[in-house]
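> What follows is a predicted protein model with its sequence.
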Amino acid sequence: MHTDPFSDILNLANARSVVSGTLSAGRGWSIRFRPPDKIKFFAIVEGGCWLRVEEAGAEPVRVDPIRIEQGDVLLVSRRPIVLADDPVLPPIDATDFYAGLRADPTRRAHLGEGDGFMLLGGHVEIDPANGAFLADILPALILVRASAPEATTLRWLLDELARERRQGKPGSDLASTQLAQLVFIQILRTQLERSNAAAHEAASPLAAGWLRALGDAHLAPALRLMHGEPGRSWQLAELAKAAAMSRTSFAVHFKAVAGVAPLTYLTEWRMRLAQRALRDETTPVSTLALNLGYTSESAFSNAFKRVTGTAPKRYRALARAPETPAT
């Protein structure tokens with residue numbers, strides 16, 4: 001049996017990367033991007049600038065400006081950021097700036113005087129029902145330096161993406177979308193590799209959670225089992241054996257890394273699958289309950305409501321209700 005939990009989560013979220021455009025700049029500029037309602041990525045194609053991630057909640061984050069250079073890539077979720085040639089300059093608002101470009105027939109995004117800097121920007125579209133948890137499990141900022149050993153593949157992808165955008169050959173829109181998708185996946189892979197490497201040094205950069213669990217080599221065999229057969233009645237001893245650990249060590253390590261106990265993770269994953277099936281399929285709730293390892297519809301319904309806050313049949317009805325037109 002072969003399964004890939006990382007791909008499972010991306011597929012469930014229906015994550016699809018889209019290139020938004022490029023921004024060129026010279027000297028004397030600063031621009032602020034509001035907290036994104038989507039996951040955004042930026043790649044520095046030429047030159048360098050200052051990056052400041054602003055506070056937007058209780059989670060601590062770096063607020064001092066840091067220098068980013070050509071080849072660096074960042075993935076941002078939930079946080080407002082400022083990019084600037086000079087970090088002391090007051091920033092303009094990116095939303096207003098790009099809205100003003102709609103009246104410009106060239107749609108050329110340029111800031112400051114002269115040239116010397118260019119970034120490629122994009123966002124990740126996710127399923128509105130099942131995709132929110134993907135943004136929730138990501139760090140507010142992932143920064144991959146061009147000099148990082150893991151960035152070799154990423155640099156090649158960015159060079160190809162920039163070439164497609166620059167040359168505009170037939171099929172460039174589709175090619176750009178596919179390359180942007182690979183850029184997104186490679187950024188996440190880099191973060192997972194960092195987490196796995198740092199875990200051996202007891203200094204993981206990720207808080208406990210699903211993303212950190214996906215990058216943990218010790219948990220990988222157990223995760224593959226749960227994702228491969230989510231409807232099976234997995235026992236803690238079976239999962240621990242797959243991970244080559246004792247039951248106690250496995251349970252302690254799993255919770256420390258994933259933030260939840262192994263069987264709680266399995267239940268939450270089952271409920272994610274159930275949400276998709278209830279929304280997209282006509283499978284009866286009783287059949288879905290059996291497929292996901294529950295001996296009765298009532299047992300499944302209780303678990304579903306405990307995790308999601310809504311009974312399965314009501315969730316299906318709400319998910320399929322036609323939207324009321326705005327007045």
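Structure received. Residues are numbered from 1 along each chain as shown.
> how about L51, secondary structure?
With DSSP: H, G, I helix; E, B strand; the rest coil as the basis, L51 sits in strand.
> tell me the contacts of it?
Counting by C-beta atoms under 8 Å, 6 or more residues apart in numbering, L51 touches P65, I66, R67, I68, L74, I81, V82, L83, L143. Glycine gets a C-beta too; all of them are placed from N, C-alpha and C.
> Who wins on neighbours among these?
Counting neighbours by other C-beta atoms under 10 Å, L83 leads the contacts of L51 with 27 neighbours.
> And the nearest residue to it once chain neighbours are set aside, how close does it get to L75?
Leaving aside its sequence neighbours, L83 sits nearest to C49 (C-beta to C-beta, 6 or more residues apart in numbering; 5.2 Å). According to C-beta to C-beta, to the nearest Å, C49 stands 17 Å off from L75.
> now swap in K169 and tell me
K169 is 27 Å from L75, by C-beta to C-beta.
> higher neighbour count, the two?
Ranked by neighbour count (other C-beta under 10 Å), K169 and L75 place L75 first, with 22 against 9.
> tell me the phi and psi of the closest residue to the more buried one other than its chain neighbours?
The spatial neighbour of L75 that comes closest, neighbours along the chain excluded (C-beta to C-beta, 6+ apart), is I142 at 4.2 Å. When read as degrees, to the nearest 10, the backbone of I142 gives phi -120, psi 120.
> Give me the neighbour count for I142.
Here the count is done by other C-beta under 10 Å, and I142 has 21 residues near it.
> need the contact list for A25.
G47, C49, D85, H110, L111, G112, D115, G116, F117, M118 are the contacts of A25 under C-beta under 8 Å, 6+ apart.
> Could you tell me which of these belong to helices?
Using DSSP state H, no member of the contacts of A25 falls within helices.
> Greatest separation within these: which pair is it?
Within those, C49 and H110 form the most distant pair, 13.9 Å apart (C-beta to C-beta).
> higher neighbour count, the two?
Ranked by neighbour count (other C-beta under 10 Å), C49 and H110 place C49 first, with 23 against 17.
> who are the neighbours in contact with the more buried one?
A25, R67, I68, L83, A84, D85, F117, L119.
> re the thing from before, mind giving me the PyMOL command for buried ones among the contacts of A25?
For the buried members of the contacts of A25, the matching PyMOL selection, counting by 16 or more other C-beta atoms under 10 Å, is:
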select buried, resi 47+49+85+110+111+112+117+118
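> Include pLDDT when you put the contacts of A25 into a markdown table, please.
Output for those, formatted as a markdown table (pLDDT from 0 to 100):
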| residue | pLDDT |
| --- | --- |
| G47 | 93 |
| C49 | 95 |
| D85 | 93 |
| H110 | 89 |
| L111 | 92 |
| G112 | 88 |
| D115 | 89 |
| G116 | 91 |
| F117 | 94 |
| M118 | 91 |
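> And the helices in the stretch 1-150 of the chain?
Under the criterion DSSP state H, counting those that start in this stretch, helices of the stretch 1-150 of the chain are mapped to 5-13, 94-100, 132-137.
> Which strand residues bridge the nearest residue to A180 once chain neighbours are set aside?
Nearest residue to A180 in three dimensions, chain neighbours excluded: S17, at 3.8 Å (C-beta to C-beta, 6+ apart). Applying DSSP bridges to S17 yields these beta-bridge partners: V124.
> Measure how buried S17 is and give me the count.
The number of residues packed near S17 is 21, by other C-beta under 10 Å.
> so where's the stretch 51-200 of the chain shaky on pLDDT?
Counting by pLDDT under 70, the stretch 51-200 of the chain shows low-confidence ranges at 56-63, 102-107, 129, 195-200.
> Going by residue numbers, what spans are strands in it?
66-69, 73-76, 81-84, 92-93, 110-111, 113-125, 141-144 (DSSP state E, counting those that start in this stretch).
> can you put those strands in TSV and add distance to F133?
As requested, these are exported to TSV (distance: least, C-beta to C-beta, whole Å):
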stretch	distance to F133
strand 66-69	28
strand 73-76	16
strand 81-84	22
strand 92-93	29
strand 110-111	35
strand 113-125	13
strand 141-144	17
